[in-house]
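Trainee: I would like the atomic coordinates for the input below:
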Amino acid sequence: MKFISWNVNGIRACVQKGFLDFFKEMDADLFCLQETKLQEGQINLDLEGYHQYWNYAEKKGYSGTAIFSKQKPVSVSYGINKEEHDKEGRVITLEFEDFYAITCYTPNSQQELARLDYRMQWEDDFRSYIKQLDSKKPVVLCGDLNVAHMEIDLKNPNSNRKNA
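Mentor: The predicted structure is shown next:
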């Protein structure tokens, strides 16, 4: 199977810059998006041959995720079953016969680590969620996990110091 994961930083702008051509060219079995920044009904993508799953944040123009899959999953779930996290549209899980596929847009800790406590709680809760799924069948995790191993992994390393 061919998986693609991409933080699009706003799908509407991405579509204007050729997303649909790229999408067709890649011909992925599973295409995972993060930071779609949409509310329901703001876009209608004609992706023939794909099932579309969208998770929207309650806050307008914020976060959001999507998965486009050639194969229809056995089940679909949105979020991680934690109310304090699920209102931001950060996770979609597709269950297939042999595995789970997850797209995730992990929250960052913001400037001066203002949201660090929330991020740490997210990490604990998300890890528990994945472990629970993994006890049933393998998990494939795709996404923007908002973590970088080295400065070379960042577009702007200087402005990202003291952020997580």
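Trainee: In the protein, what residue spans correspond to helices?
Mentor: Along the chain, the stretches classed as helices by DSSP state H are 11-16, 19-26, 83-86, 116-134.
Trainee: Reformat those helices as TSV; add mean neighbour count and distance to residue 93.
Mentor: C-beta here means a position set from N, CA and C on the backbone, and glycine is covered the same way. Formatted as TSV, these follow (neighbours: other C-beta atoms under 10 Å; distance: least, C-beta to C-beta, whole Å):
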stretch	mean neighbour count	distance to residue 93
helix 11-16	15	20
helix 19-26	13	21
helix 83-86	13	12
helix 116-134	15	7
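Trainee: Of these, which is nearest residue 97?
Mentor: helix 116-134 (14.2 Å; C-beta to C-beta).
Trainee: other SSEs contacting that closest one?
Mentor: helix 83-86, strand 91-95, strand 100-105, strand 139-144 (3 or more C-beta pairs under 8 Å, 6 or more residues apart in numbering; DSSP states H and E).
Trainee: Save those as CSV, and put in distance to residue 71 and mean pLDDT too.
Mentor: Shown next, in CSV, are those (distance: least, C-beta to C-beta, whole Å; pLDDT from 0 to 100):
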stretch, distance to residue 71, mean pLDDT
helix 83-86, 25, 94
strand 91-95, 9, 99
strand 100-105, 10, 99
strand 139-144, 13, 97
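Trainee: how about TSV for the ones you listed, with distance to residue 16 added?
Mentor: Shown next, in TSV, are the helices and strands packed on helix 116-134 (distance: least, C-beta to C-beta, whole Å):
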stretch	distance to residue 16
helix 83-86	30
strand 91-95	24
strand 100-105	21
strand 139-144	21
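Trainee: Quick check, residue 101 in contact with residue 143.
Mentor: No: if you go by C-beta atoms under 8 Å, residue 101 and residue 143 don't touch, sitting 10.6 Å apart.
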